[in-house]
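Engineer: I would like to see how this sequence folds:
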Amino acid sequence: MTIRNLLFIMCDQLRADHLSCYGHPRLATPNLDALAARGTLFERAFAQSGVCGPSRMSFYTGRYVSSHGATWNRVPLSIAEYTLGDYLRAAGRELVLIGKTHMMADVHGLARLQMDGAHELGGLLARGSFVEQQRHDGHHAEPSARYAQWLREQGYAAADPWTDYVIAVTDDEGQVRSGWQMRNARFPARVGEPHSETAYTTDLALDFIRAKGDQPWALHLSYVKPHWPYIAPAPYHALYSKADALPVQRAAEELIDPHPVLNAYREQEECANFMRDEVIDCVRPAYMGLVRQIDDHLGRVWHLLEELGRWQDTLVVFTADHGDFLGDHWLGEKEHFFDTVQRIPLIVVDPRANPRGAREPSFVEAIDVVPTALAALGLPAERHRVEGASLLPLTRNEPVAVWRDAVFSELDWSYRAARRALKRAPDQCRAWMVRTADWKYVHWAGFRPQLFDLANDPGELRDLGREPRFEPIRQEMRERLFEWQCGLKRRTTVQLEEVERGTAAHKAAGVFFGVW
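Structural biologist: This is a model prediction of the structure:
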C-alpha cells in the first residue's frame with residue numbers, strides 16, 4: 001500500500017540505553033520493543049548536536065548545524081532555511097505539531113522581508129513551517145498557554161499550574177516543594193497522571209489522528225519528557241529504585257588533568273551536583289519512571305493505529321534529540337560528545353520494510369529523517385539542500401552502493417558560564433566531532449583536541465588527545481573533519497538539475513568568450 005501518512009515522534013533528552021530494546025536490563029519499554037519488532041531499529045544512530053535547539057533544527061532541515069546555522073537554543077533558524085514543513089507545504093500538505101519544537105522565530109529575517117509573523121506565511125516561517133495544533137515546550141512556565149488553561153479547567157486553580165502542580169511535589173511533611181530542586185525527584189508530581197504533560201500530549205495526538213479519518217496527514221508528536229524537571233506523576237515516580245539504574249559510567253582518571261572545557265563545565269551547578277552520588281541516586285529512578293510513562297502512552301497510539309488500519313499506510317519514526325549524562329563522565333545535562341548524549345534511539349516503521357524486526361548496524365544521523373520522510377511520501381529529494389540520506393534502502397534491504405562510515409556532531413558553548421571561566425569571546429567557542437567505528441575525535445577551537453580509542457575503550461574514559469604516539473590518528477581524523485566541512489551544501493538556491501542544464505551553456509545564451 002502507498003505510504004500516505006507520517007508520524008514523527010521525538011522525546012526530549014532520552015538516552016538510547018534507557019530502552020529495553022536497546023539493552024536496559026531493568027527498565028521495560030514493551031511498546032517501543034513492539035515498535036522495533038514491527039520495523040527497523042538503528043543501533044548506531046547519532047544526533048548532530050547534544051543541544052536541543054541545534055539538534056532539532058538538523059532533524060527538521062536534514063542539514064548539519066554548520067549548514068543551517070542555528071548553533072544553540074537561543075539562535076533562531078534562518079527563514080532562508082527550508083524545513084520538512086516547507087517541503088510538505090510545496091506539495092499541498094501540512095506538517096502538524098503537537099508538543100515541543102524549540103523553534104525560535106527569526107525576527108530579524110522576518111523584519112527584513114517586512115513580515116510581522118501575524119499573517120499566514122509570516123506565522124508559518126516564524127514557527128519553522130509547523131502548523132501548531134498545540135505547542136508546549138515544557139521547560140519554563142507558560143501560564144497563558146492552552147495546556148495551562150486546560151489544567152485550570154480540570155480543577156488545578158492556579159495562575160501558573162505548570163509550576164504549582166506539574167513540576168511541584170508535596171514532601172513527607174506535607175510541604176509543597178519545587179521540582180526545580182532535584183532533591184525532590186523522589187516525590188510524585190502534584191498533578192494527576194491523566195493530566196500530566198505526557199498524557200495530555202498523547203490525548204491531543206489521538207484526537208488528531210481520529211479526526212483525520214482516511215485523509216492523509218503528517219504529525220510531529222514531540223514529548224517534552226524525560227527532560228528535566230525530573231518530576232514524574234504517581235505511580236511512575238516510584239516504579240524504580242537506584243538498584244534498577246545503570247551503573248554510572250565514569251572513572252577517577254577523567255578528573256586527572258582533564259580537558260579545559262570539560263573542567264570548566266564541571267564547575268557549573270548542574271555538573272557539580274551530578275558528580276554527587278546522592279543526586280544520581282535520586283534523579284535516575286525518576287528519569288526511568290518518566291521513560292516508562294512515555295512507553296505506556298505510546299501503547300495507546302499503537303492501539304489506535306491498529307484500530308484504524310494506519311500501520312499499512314503510515315511511516316512511523318521514533319527518536320530523541322539527544323541523551324542526558326545523569327552523572328556519566330562526571331557531567332550533568334548534555335552538550336558534550338560522549339556517546340551517552342550523542343547516540344540516540346531511532347526506530348523506523350516502514351510499511352514496506354523487509355525484513356521486519358531488523359537491527360541495522362549502519363551509521364545513521366538525525367539529518368536522515370527528512371530525506372526518509374520525503375522518499376516515503378513520494379516527494380522530491382531536494383538533494384541540493386538536504387545533507388542526509390533516505391533510510392528506506394536500509395529498511396527494505398535494498399542494495400546500497402556507498403554508505404557513510406562516520407558521523408559528525410557540533411557544539412557552540414558560547415552561551416555557557418564555562419566560556420567566561422575560560423575567558424573566551426562569544427565567537428571563540430565551537431567544537432566539532434567525527435566518530436568512526438574505532439575512533440572519536442573532537443576538535444576544540446583554541447584548545448587541544450580529544451581522542452578516544454573506541455575499540456579498546458568503548459566507555460570513553462581515557463582521553464588520548466595529547467599522547468604523542470596517537471598523533472597520526474589525530475591527523476587522519478582532522479583530515480576527515482576537513483573533508484566533511486568541504487562537502488557541506490552551501491549552494492542552496494539552485495537545484496542540481498539546474499546546474500546540469502546550465503553547464504557549458506554560455507554559447508546558447510549568446511556568450512562567445514574565448515573564440516578565435
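Engineer: got the contact list for Val348?
Structural biologist: Counting by Cβ atoms under 8 Å, 6 or more residues apart in numbering, Val348 makes contact with Gly39, Thr40, Phe42, Leu315, Val316, Val317, Phe318, Thr372, Leu391, Thr395. Every C-beta, even on glycine, is put in place using the N, C-alpha and C of the backbone.
Engineer: what distance do you get for it to Leu41?
Structural biologist: Distance from Val348 to Leu41, counting by Cβ to Cβ, to the nearest Å: 8 Å.
Engineer: Tyr200 too?
Structural biologist: The gap separating Tyr200 from Leu41 is 28 Å, by Cβ to Cβ.
Engineer: in stretch 311-318, which residues are buried?
Structural biologist: Thr314, Leu315, Val316, Val317, Phe318 (16 or more other Cβ atoms under 10 Å).
Engineer: just the closest of these to Val407, please.
Structural biologist: The closest of the buried residues of stretch 311-318 to Val407 turns out to be Val317 (Cβ to Cβ; 17.7 Å).
Engineer: correct me if wrong, but Phe452 is in a helix.
Structural biologist: No: under DSSP: H, G, I helix; E, B strand; the rest coil, Phe452 falls outside any helix and is assigned strand.
Engineer: tally of neighbours for it?
Structural biologist: Other residues within reach of Phe452, judged by other Cβ atoms under 10 Å, total 24.
Engineer: quick one: it and Leu464 touch, right?
Structural biologist: Yes: judged on Cβ atoms under 8 Å, Phe452 makes contact with Leu464 at a distance of 6.7 Å.
Engineer: so, low pLDDT: which residues of the stretch 351-500 of the chain?
Structural biologist: Across the stretch 351-500 of the chain, nothing is flagged by pLDDT under 70.
Engineer: should've said the stretch 151-300 of the chain
Structural biologist: The model of the stretch 151-300 of the chain has no residue with pLDDT under 70.
Engineer: now the residue nearest the centre of the chain: closest residue in space, sequence neighbours ignored.
Structural biologist: Centroid check for the chain by Cα atoms, centre = their mean gives Asp321 as the closest residue, at 1.1 Å. Leaving aside its sequence neighbours, Asp321 sits nearest to Ser55 (Cβ to Cβ, 6 or more residues apart in numbering; 4.3 Å).
Engineer: try Arg396
Structural biologist: Spatially, and ignoring its direct neighbours in sequence, Arg396 is nearest to Asn354 (5.3 Å; Cβ to Cβ, 6+ apart).
Engineer: isn't that neighbour up against Leu394?
Structural biologist: No: contact criterion Cβ under 8 Å: Asn354 and Leu394 do not qualify, at 10.7 Å.
Engineer: those two: who's more crowded?
Structural biologist: Set side by side, Asn354 and Leu394 show more neighbours around Leu394, with 23 against 11, by other Cβ under 10 Å.
Engineer: in which helix or strand would I find that one?
Structural biologist: Assigned by DSSP states H and E, Leu394 belongs to helix 392-395.
Engineer: following that helix, which helix or strand comes up?
Structural biologist: Scanning forward in sequence from helix 392-395 by DSSP H and E, the next helix or strand is strand 407-412.
Engineer: could you check how many residues crowd around the closest residue to Leu391 other than its chain neighbours?
Structural biologist: In space, Leu391 comes closest to Thr372 once its chain neighbours are excluded; the distance is 4.5 Å by Cβ to Cβ, 6+ apart. Thr372 has 25 neighbours, counted by other Cβ under 10 Å.
Engineer: now the closest residue to Asp281 other than its chain neighbours: how far from Ala286?
Structural biologist: Of all residues not flanking Asp281 in the chain, Lys242 sits nearest, at 4.1 Å (Cβ to Cβ, 6+ apart). For Lys242, the distance to Ala286 equals 11 Å [Cβ to Cβ].
Engineer: who has more neighbours out of these two?
Structural biologist: Ala286 (28 against 13).
Engineer: show me the contacts for the more buried one.
Structural biologist: Contact partners of Ala286, counting by Cβ under 8 Å, 6+ apart, are Ala185, Arg186, Tyr230, Ile231, Ala232, His237.
Engineer: so which strand or helix has it?
Structural biologist: Element membership for Ala286, per DSSP H and E: helix 277-308.
Engineer: how far does that helix sit from the chain's center?
Structural biologist: Helix 277-308 sits 17 Å away from the centroid of its parent chain (Cα atoms, centre = their mean, to the nearest Å).
Engineer: now the helices for the stretch 401-516 of the chain?
Structural biologist: Under the criterion DSSP state H, counting those that start in this stretch, the stretch 401-516 of the chain contains helices at 417-421, 471-486, 496-502.
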